[in-house]
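Novice: got a sequence here, can you build the structure:
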Amino acid sequence: MAPILLALGLAALAWVLVVGDLLRRHRPAWHWYLVGYPATAFRAVFTWRKVAQLNDLAVAKRPPRGLLGDLVVKGDPLRPVPPRISFPRATRTGLSVVVRLHAGQTPATFLKAADALVHAWKVHAVRVTSPERGLVLLTATATDPLQRPGLASAPVELLSALIGVLESGGAWVMNLRLVPHWLIVGATRSGKSTLLARLITQLAPQPVALVGIDCKGGMELGLFARRLSALATCRREAVAVLSALVIDMQDRMSACRSAGVRSIWELHEKVRPVPVVVIVDEIAELYLSDGTRESKAEAEQCSTLLLRIGQLGAALGLHLVVAGQRVGSDLGPGVTALRAQLGGRICHRVNDPGTAEMALGDLNKDAVAVAQSITAEERGVAVCTGPDGGWSRARSHLTPTDEAVSTSRKYAATTPELPAIGRALAGLEGDAK
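Specialist: Next up is the predicted model:
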């Protein structure tokens, strides 16, 4: 009888393991709720006291100093009390725990203990935020959701592009109505071109004018030329295109002033000018100079024109998406001023800490360290900022070049015309002849 029971027990165990493996592969969410969450919640609850004591999260009720006769005795307090936590609440990708702070505690101590919590709970990452005074929210991610990101869903809106998926499992959306200008940095083969291709693919069906500036001879943005209202392939053409956009921007100002409104979005739809998205690939090519007077003058013109669009264009339907391997003051005096106007930030894998600091350091110091941890194998993974001022790891959806080109061709007939830019580029051709 005993051998039969043992055999049945082993068979049942094997069945459970097989079913668990199938769930983990094909239904990861089910596997997490049925198997992963209970085990992780158990570890979070029963290791909390020890983790809190070892990482200085526990606080004694009595002060560390006391009187012994006429002497003041100072020492480590006995039996420190850890802060109270809520029962772990399951999420789709992990769990969350709310911590009620002791008087005098700050979230900074919990930020330092995040790695200890990762190892104690055996999860992929723990993020520390403070939703309100006196509380800390610990959000644990069970596994890296960006390894198999898929594509989340998001409502279709004008000037909004579904780029990929966030680490939380939500949709990664670039909404130019909320954040009008964006800066994208990253090393070679880190995912910048894939992201730009995805952005163009998402904006192509919309009634939006796309203007490309690609001073690498149009190698990147030239693939989508049929859907672009204009494409500048050298700095001389870029100056002409940007100058025409600044003139058009002044005309839009006059239209708004005559109508008594503060932005083109308050104008009637019939008279509203078409929104324009300027996509700049490799910003350094616009700023670097070979030392000649003409080259310096062109670089200064590009700097001034981009800055004017960045400062005034948001309410007038002119938006900037600037990409480059490195964007810093070493390129020229106007780069830092332009960077301050680019509120949306996306940082892929970088080759030096300074680049991550330039992209994210003025917004969030924690995001800089996370951006530097992105490896070469994680193409498309980036740290992005949100409209609420926070940040998140995200991964852009892999859009093959053939798909992006075919989408551009499909909507080529709907490409808005920008006569001012056309005349400016035609004038350059006439001067060349």
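
Novice: and the residue nearest to residue 134 when sequence neighbours are not counted, how far from residue 287?
Specialist: Closest residue to residue 134 apart from its sequence neighbours, by CB to CB, 6 or more residues apart in numbering: residue 101 at 5.3 Å. Using the backbone N, CA and C atoms, a C-beta is placed for each residue, glycine as well. From residue 101 over to residue 287 the distance is 47 Å, taken as CB to CB, to the nearest Å.

Novice: out of those two, which sits in the busier spot?
Specialist: Set residue 101 next to residue 287 and count neighbours by other CB atoms under 10 Å: residue 287 wins out with 22 against 19.

Novice: spit out the contact partners of that one.
Specialist: Contacts for residue 287 (CB atoms under 8 Å, 6 or more residues apart in numbering) come out as 299, 302-303, 331-332, 334-335.

Novice: hmm, which of those residues is lowest in pLDDT?
Specialist: Lowest pLDDT among the contacts of residue 287: residue 332, with 72.

Novice: with adjacent residues omitted, what lies nearest to that one?
Specialist: residue 287 (4.3 Å).

Novice: do residue 129 as well
Specialist: In space, and not counting its chain neighbours, residue 129 is closest to residue 137: 4.9 Å by CB to CB, 6+ apart.

Novice: quick one: that neighbour is in a strand?
Specialist: Yes: the assignment for residue 137 by DSSP: H, G, I helix; E, B strand; the rest coil puts it in a strand.

Novice: what number of residues lie near it?
Specialist: The number of residues packed near residue 137 is 17, by other CB under 10 Å.

Novice: before we move on, the earlier item: could you pull up phi and psi at the residue nearest to residue 134?
Specialist: phi -70, psi 150 (degrees, to the nearest 10).

Novice: that one touches residue 85, doesn't it?
Specialist: No: the criterion here is CB atoms under 8 Å, and residue 101 misses it with residue 85 at 10.9 Å.

Novice: centre of the chain to the helix or strand hosting residue 279, how far?
Specialist: Taking DSSP states H and E as the definition, residue 279 sits inside strand 276-281. Mean C-alpha position of strand 276-281 versus that of the full chain (CA atoms, centre = their mean, to the nearest Å) differs by 18 Å.

Novice: quick one: strands adjacent to that strand?
Specialist: strand 209-214 (parallel), strand 318-324 (parallel) (DSSP bridges).

Novice: so which elements touch the helix or strand just after the longest one?
Specialist: Meaning strand 318-324. Downstream of strand 318-324, the next assigned helix or strand under DSSP H and E is helix 335-341. Counting contacts by 3 or more CB pairs under 8 Å, 6 or more residues apart in numbering; DSSP states H and E, helix 335-341 is packed against helix 293-312.

Novice: residue ranges for the helices of the stretch 151-300 of the chain, please.
Specialist: Under the criterion DSSP state H, counting those that start in this stretch, the stretch 151-300 of the chain contains helices at 192-203, 235-259, 284-287, 293-312.

Novice: low-confidence stretches in the protein?
Specialist: For the chain, the stretches with pLDDT under 70 are 1-29, 61-78, 148-153, 388, 429-433.

Novice: returning to what we had before: ok, the residue nearest to residue 129 to residue 40 distance?
Specialist: Applying CB to CB, the value for residue 137 to residue 40 is 16 Å.

Novice: repeat that for residue 158.
Specialist: 41 Å.

Novice: comparing the two, which residue is more hemmed in?
Specialist: Taking other CB under 10 Å, residue 158 and residue 40 do not tie; residue 40 has more neighbours (20 against 13).

Novice: host element of the more buried one?
Specialist: helix 37-46.

Novice: strands along the stretch 51-200 of the chain, start to end?
Specialist: Along the stretch 51-200 of the chain, counting by DSSP state E, counting those that start in this stretch, strands occupy 65-68, 71-74, 84-85, 89-90, 94-100, 125-129, 135-141, 160-166, 171-175, 182-185.

Novice: arrange the strands paired with strand 276-281 in JSON lines, one row each, with mean neighbour count as further columns.
Specialist: Listed next are the strands paired with strand 276-281 as JSON lines, based on neighbours: other CB atoms under 10 Å:
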{"stretch": "strand 209-214", "mean neighbour count": "26"}
{"stretch": "strand 318-324", "mean neighbour count": "25"}
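
Novice: now those in a markdown table, with distance to residue 361?
Specialist: Output for these, formatted as a markdown table (distance: least, CB to CB, whole Å):
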| stretch | distance to residue 361 |
| --- | --- |
| strand 209-214 | 26 |
| strand 318-324 | 16 |
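
Novice: closest to residue 106 out of those strands?
Specialist: Proximity to residue 106, assessed across those by CB to CB, is greatest for strand 318-324 (36.1 Å).

Novice: surely residue 216 and residue 282 touch.
Specialist: Yes: under the criterion of CB under 8 Å, residue 216 makes contact with residue 282 at 6.0 Å.

Novice: more neighbours: which of these two?
Specialist: residue 282 (18 against 13).

Novice: so which residue is dead centre in this structure?
Specialist: residue 384 (1.4 Å; CA atoms, centre = their mean).

Novice: that one: which element?
Specialist: strand 381-385.

Novice: give me the contact list for that strand.
Specialist: 146, 166, 172, 179, 186, 190-191, 195, 343-349, 360, 363-364, 367, 370-371, 374, 391-396.

Novice: count the residues that sit near the residue nearest to residue 315 when sequence neighbours are not counted.
Specialist: Closest residue in space to residue 315, ignoring its immediate chain neighbours: residue 263 at 3.8 Å, by CB to CB, 6+ apart. Neighbour count of residue 263, defined by other CB under 10 Å: 13.

Novice: for residue 263, what are its contacts?
Specialist: When contacts are counted by CB under 8 Å, 6+ apart, residue 263 touches 256, 315-317.

Novice: and which of these is nearest residue 54?
Specialist: For the contacts of residue 263, the nearest to residue 54 is residue 315 (53.0 Å; CB to CB).

Novice: a helix runs through that closest one, doesn't it?
Specialist: Yes: under three-state DSSP, residue 315 falls within a helix.

Novice: hang on, isn't it packed against residue 264?
Specialist: Yes: checked against CB under 8 Å, the pair residue 315 and residue 264 is within contact range at 7.1 Å.

Novice: joint contacts of those two?
Specialist: With CB under 8 Å, 6+ apart, residue 315 and residue 264 have common neighbours residue 256.

Novice: who's more crowded, these two?
Specialist: Each of residue 315 and residue 264 has its neighbours counted (other CB under 10 Å); residue 264 has more, 20 against 16.
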